[in-house]
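Trainee: Here's a sequence, model it:
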Amino acid sequence: MAAGPRRHRARHRCAERACSDRPGEEEIRYAEDYGGHAPLAVVGYPSVGSLRMAQEIVWRTADGDTEALASFAAPGVVNSAPAKTAENWIAAFGKGARGQVTAEFYDEASKRQMVVLYFHDTGQIKELSLRSGMGGEDRDWYVYMDQPDMADATAVRPSIPKTPGARGSKSTS
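Mentor: Residues are numbered from 1 along each chain as shown. Next up, the predicted model:
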């Protein structure tokens, strides 16, 4: 019997906040994106937000959508160059992003997370640095986009494993 009143109160609170069982535009767009792209293989321990951010970075890179990719840039970062970085990432990794990709998520993901993308069709590797939103921002997760030089955008640090899972998703930095 106690479950009935709780359910009723929960429905009532939801009604006050204009909740709905129907998906919103964002959820519909995400579902369409999910169905329209190759699945992202995952190694390590992403948060819901860091996984979604990594997926969307791969999808926008695959689609060649510079503006949408640049919109993921972390705000207020010195030397940030989102538009040029997005152009570089699309030019360098677009082909690979349209194929099979594995994302390895390093360490825990409460505030920041390093993600390494492995583009299997092209043999390329791309390291990303993600951070969570800091209250009052437009989204939950962002990516640092400070690579306006193609050499920086495509550089792979020697400490990055050549295959996913080689270090057990633990960084050494």
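Trainee: now the strands for this structure?
Mentor: Using DSSP state E, the strands found in the chain span residues 40-44, 101-106, 112-119, 124-132, 141-143.
Trainee: just so I know, which of those strands lies nearest residue 56?
Mentor: Of all the strands of the chain, it is strand 141-143 that lies closest to residue 56, at 9.1 Å by C-beta to C-beta. C-betas here are computed from N, CA, C, even on glycine.
Trainee: Now do the closest one: which elements does it pack against?
Mentor: With contacts taken as 3 or more C-beta pairs under 8 Å, 6 or more residues apart in numbering; DSSP states H and E, strand 141-143 sits against helix 48-63, strand 124-132.
Trainee: hey, which of these is tucked in deepest?
Mentor: For the helices and strands packed on strand 141-143, the largest average neighbour count (mean count of other C-beta atoms under 10 Å) is found in helix 48-63, namely a mean of 22.
Trainee: Mind checking the pLDDT average for that helix?
Mentor: What helix 48-63 shows for mean pLDDT is 95.
Trainee: how far off strand 40-44 does that helix point, in degrees?
Mentor: Relative orientation of helix 48-63 versus strand 40-44 (axes from the mean of the first three to the mean of the last three C-alpha atoms, to 10 degrees): 140 degrees.
Trainee: Point out where the chain drops to low pLDDT.
Mentor: Scanning the chain for pLDDT under 70 picks out 1-21, 134-138, 169-173.
Trainee: This protein: helices as residue ranges?
Mentor: Applying DSSP state H to the chain gives helices spanning 3-16, 25-36, 48-63, 66-70, 82-97, 150-154.
Trainee: Now distance to residue 126 too, for these, in JSON lines please.
Mentor: Shown next, in JSON lines, are those (distance: least, C-beta to C-beta, whole Å):
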{"stretch": "helix 3-16", "distance to residue 126": "41"}
{"stretch": "helix 25-36", "distance to residue 126": "19"}
{"stretch": "helix 48-63", "distance to residue 126": "9"}
{"stretch": "helix 66-70", "distance to residue 126": "12"}
{"stretch": "helix 82-97", "distance to residue 126": "6"}
{"stretch": "helix 150-154", "distance to residue 126": "8"}
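Trainee: And those helices: which comes nearest residue 130?
Mentor: helix 48-63 (5.3 Å).
Trainee: and the closest one, what other elements does it pack with?
Mentor: helix 25-36, strand 40-44, helix 66-70, helix 82-97, strand 101-106, strand 112-119, strand 124-132, strand 141-143.
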